[in-house]
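K.L.:
Sequence plus the predicted model coming up.
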Amino acid sequence: MKVFTIGEIRKAINGTLLAGDDNAEIKGFAIDSRLVEPGNMFFPTKGARVDAHDFIGQIIEKGCTSFVVSNPDKVPAEALDKLNVIVVEDTLKALQNLSVYYLNTLPLKYRIGVTGSVGKTSTRDMMYYVSSTKYKTGRNKKNYNSQHGLPLSILDFEPDIEVAIMEMSMDSPTEISYLCNMVRPDIGILTNIAAVNLEMMGNLENIFRGKMEITTFFDENSTLVVNSSCPMLTRERVSGNYNVVTVGKEETEDYLVKDVEDFGDKGIKYTLCRDDKSYEVELPTPGAHNAINASLALAVGELIGIDPVDGAKGLLEAELTGKRLKLTEKNGVKVIDDTYNACDDSVKSGINTLVATEGKRKVAIIGDIIGLADKSAEIHYAVGKHAGEKGVDLLIAVGPEGFHYAEGAKSILPEERVMYFPKKEEFIEIKDQIIQKGDVVLVKASRGMALETIVDAILEDK
């Protein structure tokens, strides 16, 4: 992590020094008052309900002495002689400007942007391990991929990185374009288009247009790499004044993914074909869907000079961020924690992994996929039916929309193999009567359902 000076920051964000010393040094940045540490600089941002300027006094007590503020009246006057304070009009914009300044100082050979409805964090992580076989590489930390998080990720990059892999999320139309204006990727990865945030975006076509904003600043030297197994990401639909590389399961793709073997919690194996060459790829990461994610990373790896054989060696070391098909075994029960996020395809894939994992009973605990608008009942029903078709031993549906999971499963399974709990607390209260030693349990839902509480309850010491 680079050490900045107050003067360097002030100039980069066009701020005014209210108090402090231009020569004072800063290591690390924060926007969350709970995460700030001594030596950091804090950027209090304003949300719909909370203005972080109100916490400046508390943050000073935690040992932080450097701030970028838009409301200097919120800085305790009696503490000014001990602080470094820069004043700007907009603290979030200042943070973004600082990250752009820093990104432009790095000795980068490639800037890689990653987006998509689902799978973008896994693909970003895999890309990191592929790239790291040849280059000093940086990537987002945790799930910091928004207008607030991406600048913090960039500022956390080491000053000697050669490849920057930057995941970008979309919470509203034009957001990807906004983020791309900051990072200006020359290679883009688009993982898929799925029914996520339909309440906000309206329909899949709008989601497609929003994600395609990753090409906003592309030119004839730029390249878009897409998962063309997704019906909305065919070569014809994504073509523009830039290069296109397709990855998918049809013979016409630039990179063909075939013969995927799913070993449940032990990972997957598949064949990747490129022109007249074939590569055997093994992944310790569970989930057959990760064959496409890994192949997107390998395709970009080849664009930046990494042979797929070497890239595949990097994938053997891959560890994914967050709660993505993370397996923990305790008290005689295997729990597959995939509570980070969900769409219909990812829940189905999680069920497939569950069924392929060794154990006495395969138990799927699945909660609501949030944001499906008027498609919610239809999609939840289809996922429940898929669980039934795959032969799970027990489906436990949780949440208001879980009713439709249960109905879909009952169209295939006997009623005694389907349970429905409108609230997760109702399941947790009687979990010990349901979960048995030898079970393999998948827990998956949208992030807003916070089903990690179920994971924690199952794994708690008896």
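P.N.:
Yep, it's here. Numbers count the residues shown, from 1 in each chain.

K.L.:
Val398: neighbour count?
P.N.:
A total of 27 residues lie near Val398 under the criterion other C-beta atoms under 10 Å. Backbone N, C-alpha and C define where each C-beta goes, glycine included.

K.L.:
what pairs with it across the strands?
P.N.:
On the basis of DSSP bridges, Val398 takes part in beta bridges with Gly367, Phe421.

K.L.:
The stretch 151-300 of the chain: strands as residue ranges?
P.N.:
163-167, 187-190, 223-227, 243-248, 255-262, 268-274, 277-283 (DSSP state E, counting those that start in this stretch).

K.L.:
So for stretch 176-194, what gets flagged as buried?
P.N.:
Buried residues in stretch 176-194, counted by 16 or more other C-beta atoms under 10 Å: 176-177, 179-180, 182-194.

K.L.:
Check the average confidence over stretch 337-345, would you?
P.N.:
Per-residue pLDDT values over stretch 337-345 give a mean of 87.

K.L.:
Among the strands of the stretch 151-300 of the chain, show me which one is buried the most.
P.N.:
Of all the strands of the stretch 151-300 of the chain, strand 187-190 has the most neighbours on average by mean count of other C-beta atoms under 10 Å, namely a mean of 28.

K.L.:
Sheet partners, orientation included, of it?
P.N.:
Strand 187-190 is paired, per DSSP bridges, with strand 110-115 (parallel), strand 223-227 (parallel).

K.L.:
What's the separation between the residue nearest to Met232 when sequence neighbours are not counted and Lys266?
P.N.:
Nearest residue to Met232 in three dimensions, chain neighbours excluded: Ile193, at 4.2 Å (C-beta to C-beta, 6 or more residues apart in numbering). Ile193 is 30 Å from Lys266, where distance means C-beta to C-beta, to the nearest Å.

K.L.:
cool, and Lys410?
P.N.:
Distance check for Lys410 against Lys266: by C-beta to C-beta, it reads 31 Å.

K.L.:
of those two, who's got more company?
P.N.:
For Lys410 versus Lys266, the count of surrounding residues by other C-beta under 10 Å is larger for Lys410: 17 against 14.

K.L.:
Now Asn388: which helix or strand?
P.N.:
One thing to correct before we go on: residue 388 is Gly, not Asn. helix 376-390 (DSSP states H and E).

K.L.:
Now do that helix: which elements does it pack against?
P.N.:
helix 344-356, strand 361-367, strand 394-398, helix 402-410 (3 or more C-beta pairs under 8 Å, 6 or more residues apart in numbering; DSSP states H and E).

K.L.:
what about the nearest residue to Val347 once chain neighbours are set aside, neighbour count?
P.N.:
In space, Val347 comes closest to Val383 once its chain neighbours are excluded; the distance is 5.1 Å by C-beta to C-beta, 6+ apart. Residues within reach of Val383, counting by other C-beta under 10 Å, total 29.

K.L.:
Local confidence estimate at Val383?
P.N.:
Reported pLDDT for Val383: 96.

K.L.:
Quick one: residues contacting it.
P.N.:
Asp344, Val347, Lys348, Ile351, Ile366, Ile369, Tyr405, Gly408 (C-beta atoms under 8 Å, 6 or more residues apart in numbering).

K.L.:
do the same with Thr174
P.N.:
Contacts of Thr174 (C-beta under 8 Å, 6+ apart): Gly210, Glu213.

K.L.:
Let me know the pLDDT of it.
P.N.:
Taking Thr174 on its own, its pLDDT is 92.

K.L.:
how much space between it and Pro185?
P.N.:
For Thr174, the distance to Pro185 equals 16 Å [C-beta to C-beta].

K.L.:
Thr271 contacts Lys277, doesn't it?
P.N.:
No - with contact defined as C-beta atoms under 8 Å, Thr271 does not reach Lys277; the gap is 10.7 Å.
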